[in-house]
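J.: what's the 3D shape of this:
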Amino acid sequence: MHLFPVYPLFELEPVRGEGCYVYDKDDRSYLDFYGGHAVISIGHSHPHYVKRLQEQIARLGFYSNSVQNPLQEELAHKLGQLSGCPDYQLFLCNSGAEANENALKVASFATGKQRIVAFKGAFHGRTSAAVNITDNDRIKAPINSTFPVDFLPLNDLAAVEQSLQQGDVAAVIVEGIQGIAGIYVPEASFLEGVAQLCKQYDACLILDEIQSGFGRSGRFFAFQYANIEPDLITMAKGMGNGFPVGGVLLHPRFEATYGLLGTTFGGNHLACAATLAVLEVLEQENLVEHAAQLGEYLLTQLKTLPGIQEVRGKGLMLGLQLTQEAAPLRKRLLFEHGVFTGSAAQKQTVRLLPPLNIERVEAEMVVAKLQEVLSVPAV
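T.: Residues are numbered from 1 along each chain as shown. So this is what the prediction gives:
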């Protein structure tokens, strides 16, 4: 039997991780400035995270959602405290795509409508409904086109209003910061305008914070740079620091009905322990504010480097627009300088998504390595 190919693979096998570094079988270290698709939020093998999971699996690793699980209540309370959304309801699932599927379902039930407004460059997942609102026809099968979707330019409020005026839109879904597109930030005024329009035309506003949430942007959620209160907030990736977990925060106006949403593995004991550990480390180590401060330093320094046209993003979610294709540069950074970075849909964009507990010394190191690679042509 062979594995079904998913991604083109680097000839490299990390076997262990510590902090913001991973190590291969020859014990060579690599500075992780990608976090495995923005998943590693509090660093590899954080002692508190490891202890929390070890203690939990020694007690109980799993039982279904047909019984009480106090960890879920503890998680909901802690998440409400730290996120600034204490009145929201929490639904736990297993991934970002699953979170978006459930958010779309709730929006459609609540409004009785079907059409969705999404944005050009959007990526919301690969499952049936989520891929339908992802702006990439190459990964859509005929079965995925189950409801109408308008893909509009990001930050074009007039286009959103024109679509909503038709009266059949169930939801507008927007990423807190567009990730795979190449790190594009919705303007605060745009989000505020969209929120008002959704109320006016009886549509739900879904904020996809799957990549941009849990402190990555320098706020707990990236939408918090604007003065809005989304109807639904989806999250995953950095939520579990590598453990598969996702969730939806639902505005208190939504009425819960037994059977409307359900999951077998979502909110299991280990997933809750992992997420609680992440929240505790974010709080104890002041990592949200740290991400904002270090991100501002990186933003300022990276703009001065040769061969970089633009630096986009907030906090530790940054996109570098190069004057050359990114793939060769990323390969040189990895194999010549030991630095992991990420790609984007745009071939000239590099994404930087490091653990939130990197220090200034690692940030300076990456700036220096980038400057060297950009200044010295490939042999």
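
J.: nearest spatial neighbour of the residue sitting nearest the centre point of the chain, skipping sequence neighbours?
T.: Geometric centre of the chain, nearest residue: residue 211, 0.8 Å, by CA atoms, centre = their mean. In space, and not counting its chain neighbours, residue 211 is closest to residue 179: 4.0 Å by CB to CB, 6 or more residues apart in numbering. Just so you know, the C-beta spots here come from the backbone N, C-alpha and C atoms, and that holds for glycine as well.

J.: again, but for residue 224
T.: Nearest to residue 224 is residue 84, by CB to CB, 6+ apart, at 6.5 Å.

J.: wait, the one you found sits on residue 227?
T.: No. Using CB atoms under 8 Å as the test, residue 84 is too far from residue 227 to be in contact (11.9 Å).

J.: The residue nearest to residue 211 and residue 317 touch, don't they?
T.: Yes. Counting by CB under 8 Å, residue 179 does reach residue 317; the two are 7.3 Å apart.

J.: quick one: common contacting residues for the two?
T.: Listed contacts common to residue 179 and residue 317 are 38, 211-212, 351; contacts here mean CB atoms under 8 Å, 6 or more residues apart in numbering.

J.: of those residues, closest to residue 58?
T.: Nearest to residue 58 among the shared contacts of residue 179 and residue 317: residue 38, at 29.8 Å, using CB to CB.

J.: Residue 183 versus the closest one, what's the distance?
T.: Per CB to CB, to the nearest Å, residue 38 is found 11 Å from residue 183.

J.: Settle it for me: which of those two has more neighbours?
T.: residue 183 (28 against 25; other CB atoms under 10 Å).

J.: about what we covered before: for my notes, confirm the residue nearest to the centre of the chain occurs in a strand.
T.: No. Going by DSSP: H, G, I helix; E, B strand; the rest coil, the assignment for residue 211 is coil, not a strand.

J.: from memory it sits against residue 38, does it?
T.: Yes. Using CB under 8 Å, residue 211 is in contact with residue 38, at 4.8 Å.

J.: Could you pull up the contacting residues of the closest residue to residue 176 other than its chain neighbours?
T.: Nearest residue to residue 176, sequence neighbours excluded (CB to CB, 6+ apart): residue 222, at 3.0 Å. Contacts for residue 222 (CB under 8 Å, 6+ apart) come out as 176-177, 185, 209, 212-213, 216, 314, 317.

J.: For the residues you listed, give me JSON lines that also has neighbour count and pLDDT.
T.: Listed next are the contacts of residue 222 as JSON lines, based on neighbours: other CB atoms under 10 Å; pLDDT from 0 to 100:
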{"residue": "176", "neighbour count": "30", "pLDDT": "98"}
{"residue": "177", "neighbour count": "27", "pLDDT": "98"}
{"residue": "185", "neighbour count": "22", "pLDDT": "98"}
{"residue": "209", "neighbour count": "32", "pLDDT": "98"}
{"residue": "212", "neighbour count": "30", "pLDDT": "98"}
{"residue": "213", "neighbour count": "31", "pLDDT": "98"}
{"residue": "216", "neighbour count": "33", "pLDDT": "98"}
{"residue": "314", "neighbour count": "22", "pLDDT": "98"}
{"residue": "317", "neighbour count": "26", "pLDDT": "98"}
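
J.: Just read off the phi/psi values of the residue nearest to residue 224.
T.: Main-chain dihedrals, residue 84, degrees, to the nearest 10: phi 80, psi 20.

J.: Kindly report the same for the one 4 residues further on.
T.: Backbone dihedrals for residue 88, given as degrees, to the nearest 10, come out at phi -70, psi 160.

J.: repeat for the one 5 residues further on
T.: Dihedral pair for residue 93: phi -140, psi -150, per degrees, to the nearest 10.

J.: what helix or strand does the closest residue to it other than its chain neighbours sit in?
T.: What sits nearest to residue 93 in space, not counting adjacent residues and going by CB to CB, 6+ apart, is residue 266, at 4.0 Å. If you go by DSSP states H and E, residue 266 is not part of any helix or strand.

J.: Residue 266: neighbour count?
T.: Around residue 266 there are 23 residues (other CB under 10 Å).

J.: same question, the one 4 residues further on
T.: As a burial measure, residue 270 scores 20 neighbours (other CB under 10 Å).

J.: Point out the other helices and strands that the host helix or strand of it packs with.
T.: Here residue 270, judged by DSSP H and E, is contained in helix 269-284. Judged by 3 or more CB pairs under 8 Å, 6 or more residues apart in numbering; DSSP states H and E, the packing partners of helix 269-284 are helix 47-59, helix 70-83.

J.: Can you classify residue 92 by secondary structure?
T.: strand.

J.: just wondering, since we're on it, how far is it from residue 269?
T.: Counting by CB to CB - residue 92 and residue 269 are separated by 11 Å.

J.: Tell me which of the two has more neighbours.
T.: Using other CB under 10 Å as the criterion, residue 92 and residue 269 rank with residue 92 on top: 26 against 18.

J.: Doesn't residue 85 belong to a helix?
T.: No. Using three-state DSSP, the secondary structure at residue 85 is coil, not a helix.

J.: How about the contacts made by it?
T.: Listed by CB under 8 Å, 6+ apart, the contact set of residue 85 reads 79, 221, 233, 249.

J.: That concludes my questions; thank you for your assistance.
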